[in-house]
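Undergrad: have a look; sequence and predicted model below, questions after that.
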Amino acid sequence: MQSEKINKAKVADEISINATISQSYLFFMGHFKHFLRLAIIPIIFWVLIELGCDYALHEYKMILDPTVSRAIICAAFALVWYRQFLMGEKYATYSQLFDHVVSPGVFNIDSLLRSVARIIITTAILFVPTLMLSLSFMVYQFSQGVVMDQLAIQNVAIKSTSIVILLFSPILVRLSLYTVGVALGRRSMSLREVWHKTTGRTWGLWLLIFRAFLPITLYTYFITWAFEKIARSLDINYLWSSIIINVPTAFLTFMMLSIVVAVNGEAFRILVGIREKERI
C-alpha cells in the first residue's frame, strides 16, 4: 500500500516535456487577447526606450544601454503572466501586482534587505567568473595583436557573460521557480525550499526550458534580422527605422517570454503545487 502511494506521488511529480511545451503554446493561443492586454504597455515602453537610445546616439553621440530598463519591463510582464497562467485573468493586472508588492506584510525593510542580499550574492557569483573569463580573453587577444578598444572589450564582455550564464544555467533554472512563488505571493517560500523541491530535477528542468526557449528564440532572431534588413534598405528617418525594427522585436520577445513563463509555471504547479480553491 505504501509503495503504491509512493509510485502515485512519483507519477504526479513527473514533468512531460512535450506535453508541457504544447500546453504553453495552447495557453498562449487561447489567451491571446489577454496577452495583448498585458503586453501592449511593456511593448510601448520597450519601443520608447529604444527610440530614446537611438535619438541620443544620433543627435548627441551618447551611447545609452537599454539592457537594465528592458530587463525591468520583462520582469514585470513575466510576473503578471505567471499570475495569468496560474491564478487566472481576475488576478493578472499590473495594479494588483503592484499592490501585492507594496502591501503591508509583503513589502517591509526586512524583505527588502533579503531581496537586495540575494541580488548582490547572485551578481557576485556570476560576476567573478565572468570577470576572470573576460580578462583571460582580453589577455589572449592582446597577445595575438588585437587592439583592445571599447568595441573589442564590449564583445569580450558579452561572450564571457553568455558563457558564464550558460554554465550556471542548470542552477539558475532551478532557482527560477522562486520567482513563481514571488508572483503568487508565497511570502514564506525560501530559496532553500525551492532547491529542495527541485532536487533530482536539474537536467529535466533545464531541458524543458531549453526546448521552450530555443525554437522561438531562433524565430525571433530571424524576424528581427529581416526587419533590420528592410529598415536599412529603406531611405527613411532613423526614428522610423527604429520603430520598424523594435515593434516586432518587442512583440516576439514578450511572446517568447510568455511561452517560457507558462512552461516554468507548469513545472512549479507540478513540483511545488498551487492553491486550487477560490481566493477570497
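TA: Right, received. Where do you want to start?
Undergrad: switch to C-alpha atoms for all contacts and neighbour counts from now on
TA: OK.
Undergrad: what about I21, distance to P66?
TA: Using C-alpha to C-alpha, to the nearest Å, I21 is found at 30 Å from P66.
Undergrad: more neighbours: which of these two?
TA: I21 (22 against 13; other C-alpha atoms under 10 Å).
Undergrad: downstream of the strand or helix carrying the more buried one, the next helix or strand is which one?
TA: Secondary structure assignment for I21, by DSSP states H and E: helix 17-30. Going down the chain from helix 17-30, the next helix or strand is helix 32-60, by DSSP H and E.
Undergrad: hmm, who's touching the helix or strand that that following helix is followed by?
TA: Downstream of helix 32-60, the next assigned helix or strand under DSSP H and E is helix 67-86. Helix 67-86 is contacted from outside by 27, 38-39, 42, 45-46, 49, 89-94, 97, 179-180, 182-184, 254, 257-258, 261-262, 265, 269, 274, using C-alpha atoms under 8 Å, 6 or more residues apart in numbering.
Undergrad: can you show me the helices along this structure?
TA: Ranges of helices within the chain are 2-13, 17-30, 32-60, 67-86, 94-102, 109-143, 150-175, 177-184, 191-197, 202-233, 238-271, based on DSSP state H.
Undergrad: where does the chain dip in pLDDT?
TA: Counting by pLDDT under 70, the chain has low-confidence residues at 1-13, 100-131, 133, 137, 142, 146-151, 275-280.
Undergrad: roughly how far apart are the closest residue to S169 other than its chain neighbours and V263?
TA: Leaving aside its chain neighbours, S169 sits nearest to W206 (7.4 Å; criterion: C-alpha to C-alpha, 6 or more residues apart in numbering). Computed as C-alpha to C-alpha, the W206 to V263 distance reads 11 Å.
Undergrad: which one of those two has more residues nearby?
TA: V263 (28 against 17).
Undergrad: now for that one: which residues touch it?
TA: Contacts of V263 (C-alpha under 8 Å, 6+ apart): T20, I21, S24, L208, I209, A212.
Undergrad: now tabulate those in a markdown table and tack on distance to F227.
TA: Below are the contacts of V263 laid out as a markdown table (distance: C-alpha to C-alpha, whole Å):
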| residue | distance to F227 |
| --- | --- |
| T20 | 31 |
| I21 | 28 |
| S24 | 27 |
| L208 | 30 |
| I209 | 27 |
| A212 | 24 |
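Undergrad: out of these, who's nearest Q144?
TA: When the contacts of V263 are ranked by distance to Q144 (C-alpha to C-alpha), I209 comes first, at 37.8 Å.
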